[in-house]
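**Q** sequence and computational prediction follow.
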Amino acid sequence: MEIDISSLSKSYGKISALKNINLRIEGNGLVMFLGSNGAGKTTLFKILTSIVRPSSGTVRVDGVSVDSDPKKVLSKIGSLVEEPEFYPYLTGKELLEFTARIRGVKGRDVEEELERVSRLTDISDYIGRKSGEYSRGMKQRLGVAVAMVGNPGILILDEPTFGMDPGGMLEMRKVLKGMKMEGGRLIIMSTHLLEEARELADRTIILNKGVVSYDSGRKDGRVLVKVTGIIDPSFKPSNGTLVESGEGYSTFELSDKEFIPDFNRELMKSNSRIVYINPADELEKEFRK
């Protein structure tokens, strides 16, 4: 699966929710959009699922424009955008059966599909209860199960752990890991929790006030190295630059990870007093900006 986002912007009156987003997402695995509330994550997901239209720019899924042919695009996508709500008088099973038939699952395949998504999302114990009796966490799991019906190639999940207690969050992350292990699909998810991105993501993209401020999937090979200790003021690595320093530490940026051994040798030959050297937590640094 392949998603191309080109020069994408969205404004609500004078408020710019997204500003000139350019991204290419392809293959399988979990791509995480990380950002605080109001960063533009939900707006982006609503555009991807044709709930709202962009002010400018394009989104293409496998070469097909979301704006010009949403039906074809949405046939490839299962989604959970914002907090799910269901008809409270229907059971989870009835809601899944309804979704299955909408997505073209027929005959005996419906029962097999319900068993598959129920197992992956761990909702089998309460699938026969009316959804009006569900807790928030149970509704979130049912929402993920609904998104998975028909086995779409792309899943878009907007903060599926939002509002859960710690136990519920751990269970949902377990569900998401199981979906990753099953493979064969691209999962696009959003969160405002740094630890969730670390635990689940194969690629992390940070949105900050409507712009992409960080993308771990970049191809330039740049790497950050954090040195704890006292650095010789005259030390200048041949393939890197000092980007940050504080009390007892310094962070250097190298143009490629292959230069790490050279950097270490040069540092040890200097008059620096080194405690240890390790990769910097680049994700946390970018998120805290």
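**A** Cool, got the structure. From a predicted model like this one, the values you see are computed outputs, not experimental measurements. Numbering: from 1, shown residues only.
**Q** show me where the stretch 151-289 of the chain has helices.
**A** 166-182, 194-200, 260-269, 282-287 (DSSP state H, counting those that start in this stretch).
**Q** report the contact partners of Ser16.
**A** Residues in contact with Ser16, defined by CB atoms under 8 Å, 6 or more residues apart in numbering, are Ser9, Lys10, Gly210. Any C-beta I mention is one placed from the backbone N, CA and C, and that applies to glycine too.
**Q** filter the residues you listed down to the buried ones, ChimeraX style.
**A** Applying 16 or more other CB atoms under 10 Å to those, the buried members can be selected in ChimeraX as follows:
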select :10,210
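**Q** quick one: which of the contacts of Ser16 is nearest Pro152?
**A** Lys10 (23.8 Å; CB to CB).
**Q** so which helix or strand takes in the closest one?
**A** strand 2-12 (DSSP states H and E).
**Q** adjacent strands (with direction) for that strand?
**A** Within its sheet, strand 2-12 is paired with strand 15-26 (antiparallel), strand 56-61 (antiparallel), according to DSSP bridges.
**Q** switch the helices of the stretch 151-289 of the chain over to a markdown table; also include mean pLDDT and distance to Arg108.
**A** Shown next, in a markdown table, are the helices of the stretch 151-289 of the chain (pLDDT from 0 to 100; distance: least, CB to CB, whole Å):
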| stretch | mean pLDDT | distance to Arg108 |
| --- | --- | --- |
| helix 166-182 | 87 | 22 |
| helix 194-200 | 91 | 34 |
| helix 260-269 | 90 | 56 |
| helix 282-287 | 73 | 46 |
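**Q** let's have the ones you listed in a markdown table, adding mean neighbour count and distance to Gly38.
**A** Listed next are the helices of the stretch 151-289 of the chain as a markdown table, based on neighbours: other CB atoms under 10 Å; distance: least, CB to CB, whole Å:
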| stretch | mean neighbour count | distance to Gly38 |
| --- | --- | --- |
| helix 166-182 | 15 | 21 |
| helix 194-200 | 17 | 17 |
| helix 260-269 | 14 | 37 |
| helix 282-287 | 16 | 15 |
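**Q** put together CSV for these, with distance to Ile47 on each row.
**A** Output for the helices of the stretch 151-289 of the chain, formatted as CSV (distance: least, CB to CB, whole Å):
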stretch, distance to Ile47
helix 166-182, 23
helix 194-200, 21
helix 260-269, 39
helix 282-287, 23
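**Q** rewinding a little: which one of the strands paired with strand 2-12 lies nearest to Arg288?
**A** Nearest of the strands paired with strand 2-12 (CB to CB): strand 15-26, 20.8 Å.
**Q** returning to what we had before: now what about the strand holding Lys10, what contacts it?
**A** For strand 2-12, contacts defined as CB under 8 Å, 6+ apart pick out 16-26, 40, 43-44, 47-48, 52, 54-63, 154, 186, 188.
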